[in-house]
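Undergrad: Build me a model:
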Amino acid sequence: MSEFNAGRGRKSRSFYVWWGLGVLAAGLAYYMLTPDSTATDQESGRARGMLGAGKVPVRAVTVQPGLIDQTLTAIATVKPLQTVAVRGEVDGVLERVYFNDGQSVQAGDVLAQIDPRTYQVQLDQARGQLLQSQAQLKGAQQELQRHRVLFQQNSVSRQALETKQTAVQQLQAQVVSQQAEVARTQLQLDRTRITAPLTGRLGLGKLDQGNLISAANTDGMVIITQVDPIGVEFSLPQNQLTALVQAMRQSQQPLRVEVTGSDGQVLSDKGRLQALDNQIDVATGTLRVKAEFDNPDEHLFPNQFVNARVYLGQQQGLLIPSYAVQRGSVGTYVYTLNADDKVHIQPVELGTASLDQTLVVSGLNAGDRIVVEGTDRLREGSVVEVMENGEKVRAAGAQHKGSGPDDELEDD
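TA: As a prediction, the model looks like this:
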C-alpha cells in the first residue's frame with residue numbers, strides 16, 4: 001500500500017512540473033509574437049512625421065548682373081631674376097671671410113679677402129719699370145730737342161735727327177705698355193677683395209678661411225641670389241594663349257599676376273606679367289610665361305611652388321554664388337524658386353568662375369531666385385521656407401532631421 005502511494009506521489013509531482021513548463025513556454029511565445037508598444041509608438045511617430053513634415057528651410061539669393069574677373073591659373077615656380085656663383089678671380093690663400101651664411105648683402109659689399117702680398121709686389125715692380133721708362137723717355141726727348149737745334153745750324157745730319165726721333169717714339173710706346181702693366185697688376189691686386197656683384201641673399205658658404213682659392217674653380221665660394229624683385233615662371237596651355245595675348249595688347253599696363261600658397265593664402269598680388277617664351281613646347285603643348293614680383297618681405301622664396309593667377313580683365317554677365325551650383329546626371333544645375341516657394345531643378349550653362357562667383361551663360365534670368373543653402377534635402381516640387389539667416393537654416397534643418405527619405409533609410 002505504501003509503495004502504491006509513493007508511486008502516485010511521484011506521478012503527481014511530474015505532472016505539475018510539466019504543466020509549469022508548458023505555461024512558461026506559452027507565455028514566452030505570446031511575448032515574442034506580440035508587437036512592442038514602444039516600437040509601435042516610434043513607427044507611428046515616424047509615419048506621422050513623414051505625413052506632417054514642415055517646409056524645408058533654405059536660404060536664397062536673387063540672380064543679379066555684375067562684373068567677374070577673367071583669370072588664367074597655373075602651377076608656378078619662384079625663380080630669382082639673377083643668380084651668381086661668387087668666385088675668386090685670382091689665385092691665393094683665402095685670408096679673411098666677412099660674410100655669414102644666409103646673410104643679405106648689398107652690391108659692392110666685401111665678402112672675402114685673398115692674401116694680397118704677391119700681387120702688391122707685382123704692382124710695385126711694374127711701377128718701378130714704368131718710372132725707369134719715363135726717365136729714359138724724358139732724356140731721349142731732351143736729346144732730340146738739342147739735335148733739332150743742331151740740325152737747323154747744319155751741325156748734324158738729318159739721319160742723326162731721325163734716329164733720335166725713332167728712339168723717343170720707342171720709349172713712348174714702352175711707357176704706354178708699362179702703364180698698361182701697372183693697370184693690370186693693380187686690377188689683380190683689387191681682385192683680391194671679393195665683393196658682392198649684386199644685391200641679394202647669400203647661400204651656404206662652400207670655402208672656409210685659410211683654404212687656397214683658384215680662379216679655375218667654377219663652383220665658387222658662395223651663391224648669391226636676387227630676391228627683391230623676384231620672378232615667377234609657369235606654363236599655360238596653348239588654347240589659352242589667344243585670350244592672353246589679346247588681353248596683353250588691350251592693356252596699357254602689364255597684366256596683374258597673383259600667387260597663392262598651397263594652403264590658398266595669398267602670398268603676393270602685385271605681380272606684373274613680363275614676358276612670354278618665343279615658342280610652344282611641342283612635348284607638352286604649353287608656353288612658358290614669366291612674371292615679376294616685388295618681394296621686400298621675402299614671402300616668395302627661390303624654387304618655391306606656388307599657384308599663379310593672371311588677371312586678363314573683367315566680364316559682364318549674370319552672377320551666382322559658386323556654391324549654389326549643383327552637378328548631377330543632367331549636368332550643372334541650380335534649384336530655383338517660383339512665387340509659391342516651390343523648387344524647380346534648372347539646368348544652367350556656366351562661364352567664367354572664381355572661388356566665390358560664377359558667370360551664368362544661359363538658363364537663368366536677372367531677378368530669378370536660387371537656393372544657396374539647404375539644398376541637400378530638396379527635390380523637384382519641394383515647398384520651402386526661405387529664411388534670412390543662414391544659422392536659422394541650419395538650426396531648422398537640424399530640427400527637421402529624420403523627416404526625409406534619406407533619414408528613413410538610415411533609421412531602417
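Undergrad: does Lys86 really touch Gly203, like I thought?
TA: In this structure residue 86 is Val, not Lys. No. Counting by CB atoms under 8 Å, Val86 stays clear of Gly203, with 9.6 Å between them. Quick note: C-beta positions are derived from backbone N, CA and C, even for glycine.
Undergrad: what sits in contact with each of the two?
TA: 222-224 (CB atoms under 8 Å, 6 or more residues apart in numbering).
Undergrad: Most neighbours among these, which one?
TA: For those, neighbours were counted using other CB atoms under 10 Å, and Ile224 has the most, 26 neighbours in all.
Undergrad: got the contact list for whichever strand or helix holds that residue?
TA: Taking DSSP states H and E as the definition, Ile224 sits inside strand 222-225. Contact with strand 222-225 is made by 80, 82-86, 99, 105, 111, 196-198, 200-207, 302, as judged by CB under 8 Å, 6+ apart.
Undergrad: Kindly recompute the last result at 10 Å.
TA: Contact with strand 222-225 is made by 79-87, 97, 99, 101, 103-105, 107, 111-112, 194, 196-207, 301-303, as judged by CB atoms under 10 Å, 6 or more residues apart in numbering.
Undergrad: Just the buried ones out of those residues, please.
TA: Buried by 16 or more other CB atoms under 10 Å: 79-81, 84, 86-87, 97, 99, 103, 105, 111-112, 194, 196, 198-203, 205, 207, 302, out of the contacts of strand 222-225.
Undergrad: Can you flag which of the residues you listed belong to strands?
TA: Among the buried ones among the contacts of strand 222-225, DSSP state E puts 79, 84, 86, 97, 105, 111-112, 194, 200-202 in strands.
Undergrad: Just give me the closest of those to Gly331.
TA: Gly331 has its nearest neighbour among these in Lys79, at 40.4 Å by CB to CB.
Undergrad: could you list every residue that touches that closest one?
TA: Residues near Lys79 by CB under 10 Å, 6+ apart: 225, 230-234, 290-291, 300, 302-304.
Undergrad: Could you do Phe99 as well?
TA: Taking CB under 10 Å, 6+ apart, we find Phe99 in contact with 86, 105, 109-112, 194, 196, 202, 205, 221-222, 224.
Undergrad: Sketch out the low-pLDDT regions of the stretch 1-150 of the chain for me.
TA: 1-23, 26-54 (pLDDT under 70).
Undergrad: And the strands in it, which stretches?
TA: Under the criterion DSSP state E, counting those that start in this stretch, the stretch 1-150 of the chain contains strands at 56-62, 64-79, 83-86, 92-97, 104-105, 110-114.
Undergrad: Those strands: which one's closest to Asp368?
TA: With CB to CB as the criterion, Asp368 lies closest to strand 56-62 of these, at 7.1 Å.
Undergrad: tell me which residues in the closest one are buried?
TA: For strand 56-62, a neighbour-count test (16+ other CB under 10 Å) marks 56-60 as buried.
Undergrad: Wasn't Gln170 part of a strand?
TA: No. Gln170 is assigned helix when assessed by DSSP: H, G, I helix; E, B strand; the rest coil, not a strand.
Undergrad: List the contacts of it.
TA: Contact analysis of Gln170 by CB under 10 Å, 6+ apart lists 136-137, 140.
Undergrad: any idea which of the residues you listed is closest to Ala324?
TA: Proximity of these to Ala324 (CB to CB) peaks at Leu137, which lies at 92.8 Å.
Undergrad: Just give me the neighbour total for the closest one.
TA: When neighbours are defined as other CB under 10 Å, Leu137 has 19 of them.
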